[in-house]
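Novice: I would like to see how this sequence folds:
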Amino acid sequence: MERTELPIAVFDSGLGGISVLRALVQCLPGEDFLYFGDSANAPYGVRPAEEVRRLTQDVIGRLYDRGIKAAVIACNTATSAAIGPLRAAFPDIPVIEPALKPAVAHHRRVLVLATPLTLREEKFAALMQQCAGCAEITPLPCPELVEFVERGELDSPALTAYLARQLGPYAGRVDAAVLGCTHFPFARRAIRAALGGAAALYDGSDGTARETLRQVVRRGCVRGGSRGIVTLENSRTSELPLSRRLLALPRED
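Specialist: As a prediction, this is how the structure comes out:
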C-alpha cells in the first residue's frame with residue numbers, strides 16, 4: 001500500500017485520546033485513522049515512567065508493523081515519558097505530541113490539571129520555568145478524573161463531588177485552567193461548573209490536529225478522496241462501545 005493511503009495512528013492510555021481523535025477527524029476528514037486505547041493498563045499517570053515508556057513503545061511498534069504514516073501520541077503522560085525514544089525508534093514517520101494552547105499568554109493565574117506523572121516529568125518542569133515570569137502557575141494532579149472518564153462517568157454525582165473537592169478551593173481564584181490530560185475535555189462541563197464558570201479552559205486537541213495536518217502535508221502524504229474511515233481498537237475490547245459513544249459526543253467549546 002502506498003504511504004498516502006496508510007492510516008494515521010492515534011494512541012492513548014485508554015479512552016481520553018478520543019478527544020484528540022475528534023479534532024483530527026474534523027481537521028483531516030479525508031484521512032483514515034486507527035485509534036488504539038490501552039485501557040487494560042490504564043491509568044498510565046500513576047505508573048513509573050519506565051513502565052509507561054515500555055507500554056507506549058510496544059503499542060506504537062505493533063501499529064508501525066501494521067503500516068501507519070504518522071503516530072499521534074494523544075496522551076500527555078505517554079508523551080512526557082516516551083516522546084524522545086519514540087522519535088528515535090521510528091525516524092521515518094512523524095510522531096506528534098499533544099499541543100497545549102498558551103494559556104499563560106492571556107491569563108495571570110493558571111491552574112494546570114494533569115496526571116501525577118505528567119507533573120513530575122522534565123517537560124512540565126521546563127514549562128514551569130519558561131513561564132514563571134508570565135503567570136502564576138499552579139499544578140494540580142487529578143488521577144481519579146482519568147478513571148471517571150474511563151468508566152464513562154461524565155456527569156455523575158460522584159464526579160461532581162470529586163471535582164468540588166479538588167477544584168473548589170480554586171473557584172474564583174484562577175483565570176484559566178489547562179486540561180493537561182486528553183481524558184479531561186470529556187469532563188469539561190463538570191470542570192467548568194466546579195470552577196464557577198468564569199475560568200477559561202484550554203486543551204490541546206485543535207493544536208495537535210493542526211500540527212498533524214502540517215506534518216502530512218510537508219511529507220506529501222495527504223490522502224485525497226471521500227471521508228476516511230475511523231477504526232477503534234482497545235486492549236480491553238469491552239471498552240469499544242464506550243469508545244464509540246465518546247467519539248460521537250458533540251465537541252464543547
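Novice: and the lengthiest helix in the chain, average pLDDT?
Specialist: If you go by DSSP state H, the chain has its longest helix at helix 49-66. Averaging pLDDT along helix 49-66 yields 97.
Novice: tell me what the following helix or strand past that helix is packed against?
Specialist: Counting by DSSP states H and E, the next helix or strand C-terminal to helix 49-66 is strand 70-73. Applying 3 or more Cβ pairs under 8 Å, 6 or more residues apart in numbering; DSSP states H and E, one finds that strand 70-73 contacts strand 8-12, helix 49-66, helix 76-89, strand 95-96, helix 205-218. For glycine as for every other residue, the C-beta is placed from the backbone atoms N, C-alpha and C.
Novice: between those, which gets nearest to residue 128?
Specialist: When the helices and strands packed on strand 70-73 are compared by Cβ to Cβ, helix 76-89 sits nearest residue 128, at 13.1 Å.
Novice: Shouldn't residue 93 be within a strand?
Specialist: No: counting by DSSP: H, G, I helix; E, B strand; the rest coil, residue 93 is located in no strand; its state is coil.
Novice: Going by residue numbers, what spans are helices in the stretch 101-250 of the chain?
Specialist: 116-120, 122-131, 143-150, 157-167, 188-194, 205-218, 240-248 (DSSP state H, counting those that start in this stretch).
Novice: still on that earlier bit, and the contacts of the longest helix of the chain?
Specialist: With contacts defined as Cβ atoms under 8 Å, 6 or more residues apart in numbering, helix 49-66 is touched by 9, 11, 13, 34, 36, 38, 41, 44, 47, 71, 73, 75, 77-78, 80-82, 85-86, 89-90, 93, 95, 117, 120-121.
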